[in-house]
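Novice: Here is a sequence with its predicted model. Questions after.
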Amino acid sequence: MKIETNFSLKQYNTFGIDAKASRFIDIQSEEELVEVLQTYPNDSKFILGGGSNMLLTQDIDALVLHINLKGKKIIKEDDQFVWVEGKAGENWHEFVLWTIEQNFGGLENMSLIPGNVGTTPVQNIGAYGTEIKDTFDSCNAIQIDNQVHKIFHKEECKFGYRESVFKQDAKDQYIITSVQFKLTKTNHAIKTSYGDILKELEEQNCKNPGLKEVSNAIIAIRKRKLPDPKELGNSGSFFKNPIISKTHFDKIQVKHPEMPHYTISEHEVKIPAGWLIEHAGFKGKRFGDAGIHVNQALVLVNYGNATGQEIVAVSKNIQKTVLDLFDIAIEAEVNII
Ligand code: EPU
């Protein structure tokens, strides 16, 4: 195993923050992972996947384990379904495209989400009316302190909106090594009702969309709205869409009747944080090298050399202004480290 010291993580986080790891190991096999955990049982560790959902605000004085396990395969199939597996270090979008090429359905609405397969269950990633939990079957993990292998089945993962057991009871205890999904082989549930998908397909004159067409439409929409991390550092949605009580919403709506909202249950309403941020005047604003994206106010961006601290300062400014204006607290979706 090769240990790098004082290693820049700039290429390893999609925000492009130049924080340093005191020690860094690129882990390429499960055997190597177990060996590292056994060799350094008492060292504090930091598990790094695709680096697409974190904001580094300081150097990391720990052993950084970059989970770079590769591989994808079909595990089993019957007439209707196929079970596929992606190793944790596989790029998510490439994995999605691989399933679509074989006409396996279920992941197409999550095309072009940055990050790796292994971190998708952690925050139950989702987009365009689909979440990981809809097709997730199980994942394999290694317990950090004793290197015991564990399989997490769907129910144990306790998935919620950008939530799972890996952010709660199991936090910092496991390293996910692979994820298994159950996908359709026939009768795909094509979902086009969310957001601009139908509009996009109509513009392309596509009447009977299949998996590939839906995926292409979503890729086109995302490319228009969301910055490519390779060109402009970012971490996707920086904030979660807040869920507030119906009573609270009714009060706010008197003052802001135009505020978009989605009913979650009899007592809860979800508000798009992007709308709140835009109407608080932040969309497209820039503070040094830190800013708010011009096409999507939910996304904070690094124009070049912003530090994590500068981006956090912008996020705090947004949270405070939104709270003062709308009486709604918005919470970061991104892990601030
Ligand atoms: N809006 C604005 N101004 C903005 C952005 C949004 O007014 O600058 C309002 C609009 O009214 C729009 C509504 O917000 O109709 C919702 O926006 P959009 O459909 O773009 O989705 P979102 O709520 O902003 C969520 C996810 C995204 C996911 C999209 C599409 C969260 C926090 N974000 O965004 O996920 O791609 O839906 O399904 O739930 C991510 O997590 O990194 C991510 C990009």
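Specialist: Yes, it's here. Numbers count the residues shown, from 1 in each chain.

Novice: what's the distance between W275 and K240?
Specialist: 14 Å (C-beta to C-beta, to the nearest Å). Placement of C-beta: from N, CA and C, glycine included.

Novice: Can you name the residues of the stretch 51-200 of the chain sitting close to the ligand?
Specialist: 127-128, 195 (C-beta under 6 Å from any ligand atom).

Novice: Can you give me the end-to-end span of stretch 60-78?
Specialist: With C-alpha to C-alpha, to the nearest Å applied, stretch 60-78 spans 46 Å between its terminal residues.

Novice: Now it: buried residues?
Specialist: Neighbour-count burial for stretch 60-78 flags 60, 63-69 (criterion: 16 or more other C-beta atoms under 10 Å).

Novice: so who does the closest residue in space to D172 that isn't next to it in sequence touch?
Specialist: Nearest residue to D172, sequence neighbours excluded (C-beta to C-beta, 6 or more residues apart in numbering): I144, at 7.5 Å. I144 makes contacts with 37, 45, 172-175, as judged by C-beta atoms under 8 Å, 6 or more residues apart in numbering.

Novice: got the buried residues for stretch 195-215?
Specialist: Buried-residue list, stretch 195-215, by 16+ other C-beta under 10 Å: 196-197, 200-201, 206, 209, 211, 213-215.

Novice: Closest one of these to F95?
Specialist: S215 (12.3 Å; C-beta to C-beta).

Novice: What separation do you get for the closest one and the ligand?
Specialist: 14 Å (C-beta to the nearest ligand atom, to the nearest Å).

Novice: Ok, H267 next?
Specialist: Where the ligand is concerned, H267 sits at a distance of 20 Å (C-beta to the nearest ligand atom).

Novice: if I read this right, L298 contacts S237, doesn't it?
Specialist: Yes. The criterion here is C-beta atoms under 8 Å, and L298 meets it with S237 at 4.6 Å.

Novice: Let me know the outermost residue of this protein.
Specialist: Farthest-out residue of the chain from its mean C-alpha position, per C-alpha atoms, centre = their mean: V254, at 34.0 Å.

Novice: so how far is the ligand from that residue?
Specialist: From V254 to the ligand the distance is 19 Å (C-beta to the nearest ligand atom).

Novice: Name the residue of the stretch 101-250 of the chain that lies nearest to the ligand.
Specialist: Going by C-beta to the nearest ligand atom, the ligand is nearest to G236 of the stretch 101-250 of the chain, at 2.3 Å.

Novice: Count residues in the vicinity of the nearest residue to Y303 once chain neighbours are set aside, would you?
Specialist: Sequence neighbours aside, D289 is the residue nearest to Y303 in space, at 4.4 Å (criterion: C-beta to C-beta, 6+ apart). The local packing of D289 (other C-beta atoms under 10 Å) involves 15 other residues.

Novice: E32 is in what secondary structure piece?
Specialist: helix 30-39 (DSSP states H and E).

Novice: what's the helix or strand following that helix packed up against?
Specialist: Note on helix 30-39: by DSSP H and E, the next helix or strand toward the C-terminus is strand 45-48. Where contact means 3 or more C-beta pairs under 8 Å, 6 or more residues apart in numbering; DSSP states H and E, strand 45-48 is packed against strand 60-67.

Novice: May I ask you to confirm that D196 is in contact with A220?
Specialist: No. Between D196 and A220 there is no contact under C-beta under 8 Å: 9.3 Å.

Novice: Lowest pLDDT pick from the buried residues of stretch 195-215?
Specialist: The member of the buried residues of stretch 195-215 with the lowest pLDDT is C206, at 87.

Novice: The stretch 151-300 of the chain: helices as residue ranges?
Specialist: Assigned by DSSP state H, counting those that start in this stretch, the stretch 151-300 of the chain shows helices spanning 154-157, 197-203, 211-225, 246-255, 273-279.

Novice: quick revisit: let me know the pLDDT of the residue of the stretch 101-250 of the chain closest to the ligand.
Specialist: On the pLDDT scale, G236 is placed at 92.

Novice: swap in G195?
Specialist: On the pLDDT scale, G195 gets 80.

Novice: Now it, what are its backbone angles?
Specialist: phi 60, psi -140 (degrees, to the nearest 10).

Novice: show me what contacts it?
Specialist: Contacts of G195 by C-beta under 8 Å, 6+ apart are 128-129, 221.

Novice: and the closest residue to K133 other than its chain neighbours, how many residues sit next to it?
Specialist: Spatially, and ignoring its direct neighbours in sequence, K133 is nearest to F159 (3.8 Å; C-beta to C-beta, 6+ apart). Neighbourhood size, F159 [other C-beta under 10 Å]: 21.

Novice: Please look at F159 and T135 and confirm they touch.
Specialist: No. F159 is beyond contact range of T135, at 11.4 Å (criterion: C-beta under 8 Å).
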